[in-house]
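Undergrad: Mind looking at a prediction? Sequence and model below.
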Amino acid sequence: MTAHELSGRSLMTFFAHPDDESLAAGGLIASCAAAGSTVTLVVATRGEAGPGREGAKLAAVRTREMEAAARVLGASELVWLDYPDGLLPSADAGQLEGDIARTVAARRPEQLVTFDRDGLYWHPDHVALHERVTAAIEELGDDAPGLWYVTMPHGAMRAVADHAAARGRSRAPILGVDDPDAFGAEAPAATITLDVRRHAARKLAALACHATQFHGSALAAIAPAEAVSLLGREQYRCAHAVRSQACT
């Protein structure tokens, strides 16, 4: 299966923070946009609790970074849910699920992508969003889009860290995460592995748009030509098939 076959004519992604989309699914997003699919990126928070500036100032900067990354990836629309960063696990579940369901119903994407149950590396916001998106899609019944969970290939971020160290750069952090082995360590088995090497340089460029998180990270040691080998693979698990599509 290719990225375009996965997305169909329209793809919607749900991620917790600015930069999640580029690291987890940047290749898929760029590939689908290049193939003519309508791509809507939904971000639950503005990342104001991340490293960098404080509160509202950081939120404003990360909003601009996310807008730039969306343009680089070729997304058609960027939607903010505007929940507080770091508090998704304690957010009112019914309200968040309702916001998710309304966002989906208003646009009717063919396919939807979000975190798997491990949240890439067990980030509480990621895990909570996985749970809320899953519940919202289940409630949509026959009107639900196909649902895919993105998982991190185990060892992928270790390779990035080792690459950085070989070039005299710090192995950590990777977008604020100090342990590269945390990524994908307990990821469920993927349904498909996508070859996104053609779009790896664009994925890297989108990551670089998130400057407050990217600069000083192991990812910043990757040159565009090296992105093919280090960022050219993405894994997805099919949770809900749509119409006649089978999870293969």
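TA: Nice, I can see it.
Undergrad: Specify the local secondary structure of the residue lying farthest from the centre of the chain.
TA: Using C-alpha atoms, centre = their mean, the residue of the chain lying farthest from its centre is Gly168. It sits 28.2 Å away. Secondary structure assignment for Gly168 (DSSP: H, G, I helix; E, B strand; the rest coil): coil.
Undergrad: State the distance from it to Ala144.
TA: Relative to Ala144, Gly168 is positioned 49 Å away (C-beta to C-beta, to the nearest Å). Every residue, glycine included, has its C-beta placed from N, CA and C.
Undergrad: before we move on, back to that, what does the residue farthest from the centre of the chain show for phi and psi?
TA: Main-chain torsions, Gly168, degrees, to the nearest 10: phi 80, psi 20.
Undergrad: what sits against it?
TA: Gly168 is in contact with no residue at all, counting by C-beta atoms under 8 Å, 6 or more residues apart in numbering.
Undergrad: what comes into contact with the lengthiest helix in the chain?
TA: If you go by DSSP state H, the chain has its longest helix at helix 55-73. Outside helix 55-73, the residues within contact range by C-beta under 8 Å, 6+ apart are 17-19, 21-22, 26, 29-30, 33, 39, 41, 43, 46-48, 50, 52-53, 78, 80, 85, 202-203, 205-207, 209-212.
Undergrad: thought Ile192 was touching Gln235?
TA: Yes. With contact defined as C-beta atoms under 8 Å, Ile192 counts as touching Gln235 (7.2 Å).
Undergrad: need the helix or strand of this structure with the lowest average pLDDT.
TA: Of all helical and strand segments in the chain, the minimum by mean pLDDT, DSSP states H and E falls on helix 3-7, at a mean of 67.
Undergrad: so the following helix or strand past it versus helix 55-73, what angle?
TA: Moving toward the C-terminus from helix 3-7, the next helix or strand (DSSP states H and E) is strand 10-15. Angle, strand 10-15 to helix 55-73, by axes from the mean of the first three to the mean of the last three C-alpha atoms, to 10 degrees: 150 degrees.
Undergrad: mean confidence for strand 10-15?
TA: Strand 10-15 shows a mean pLDDT of 98.
Undergrad: three-state assignment of the nearest residue to Ala225 once chain neighbours are set aside?
TA: In space, and not counting its chain neighbours, Ala225 is closest to Ala201: 7.7 Å by C-beta to C-beta, 6 or more residues apart in numbering. Assigned by three-state DSSP, the conformation of Ala201 is helix.
Undergrad: Would you mind confirming that Ala201 makes contact with Ser229?
TA: No. In this structure Ala201 lies outside contact range of Ser229 using C-beta under 8 Å: 11.6 Å.
Undergrad: more neighbours, the two?
TA: Ala201 (19 against 13; other C-beta atoms under 10 Å).
Undergrad: For the more buried one, give me its contacts.
TA: Counting by C-beta under 8 Å, 6+ apart, Ala201 has contacts Pro224, Ala225, Ala227, Val228.
Undergrad: so what pLDDT did it get?
TA: 98.
Undergrad: before we move on, what about Ser170?
TA: At Ser170, pLDDT is 85.
Undergrad: for Pro51, same thing?
TA: pLDDT, Pro51: 68.
Undergrad: Which residues are in contact with Ala221?
TA: Val160, His163, Ala164, Arg167, Arg169.
Undergrad: list the contacts for the closest residue to it other than its chain neighbours?
TA: Using C-beta to C-beta, 6+ apart and skipping residues adjacent in sequence, the residue nearest Ala221 is Ala164, 3.9 Å away. Listed by C-beta under 8 Å, 6+ apart, the contact set of Ala164 reads Ser170, Arg171, Ala218, Leu219, Ala220, Ala221, Ile222.
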